[in-house]
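Colleague: from the sequence below, what's the structure:
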Amino acid sequence: MSEQRRDTMRLVTRFSAGTLELGISVAIGVGIGYFLDTRVFGGRTAPWFTLFWLLCGVVAGFRSLLRVLRQLQEEGERDGNENSP
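Modeller: Numbers count the residues shown, from 1 in each chain. The predicted structure follows:
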């Protein structure tokens, strides 16, 4: 496998992991909120805890995605500096 193909696969894998973290964060947030609304408070608070934890999951997921993108950008800048004459 060529070096360029290996680098491309590494980038795709890391970006995919970041987007997967976004989806999982949202799902966990909704799960926590739904559990609190239905099981703990017996539906009296529905849908407020679900919406709150959904928002928390979205924020956490985007922070994770931005962290991955920032790391990829830093790696790209380092690689660009190494290859420049």
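Colleague: tell me the contacts of the residue most central in space within the chain?
Modeller: Nearest residue to the geometric centre of the chain (Cα atoms, centre = their mean): residue 22, 3.0 Å. Residue 22 makes contacts with 61-62, 64-65, as judged by Cβ atoms under 8 Å, 6 or more residues apart in numbering. The way it works is simple: take the backbone N, C-alpha and C, and place the C-beta from them, glycine included.
Colleague: next, give phi and psi for it.
Modeller: For residue 22, the backbone dihedrals (degrees, to the nearest 10) come out as phi -60, psi -50.
Colleague: show me what counts as buried in the helix or strand hosting residue 63.
Modeller: Using DSSP states H and E, residue 63 sits within helix 48-83. Neighbour counts using 16 or more other Cβ atoms under 10 Å place 49-50, 52-54, 56-57, 60-61, 64-65, 68 of helix 48-83 among the buried residues.
Colleague: for residue 12, state which of those residues is nearest.
Modeller: Lowest distance from residue 12 to the buried residues of helix 48-83 (Cβ to Cβ) belongs to residue 68, with 12.0 Å.
Colleague: isn't that closest one right up against residue 12?
Modeller: No - taking contacts as Cβ atoms under 8 Å, residue 68 lies outside contact range of residue 12: 12.0 Å.
Colleague: nearest residue to residue 11 in space, please, no chain neighbours.
Modeller: residue 72 (6.4 Å; Cβ to Cβ, 6 or more residues apart in numbering).
Colleague: what's that neighbour in contact with, if anything?
Modeller: 11, 14-15.
Colleague: circling back to that earlier point, which of the contacts of residue 22 sit farthest apart?
Modeller: Going by Cβ to Cβ, the pair spanning the contacts of residue 22 furthest: 62 and 64, at 7.2 Å.
Colleague: remind me which residues of this structure are low pLDDT?
Modeller: The model of the chain has pLDDT under 70 over residues 81-85.
Colleague: list the buried ones in stretch 30-38?
Modeller: Neighbour-count burial for stretch 30-38, counted by 16+ other Cβ under 10 Å, picks out 30, 32-34, 36-37.
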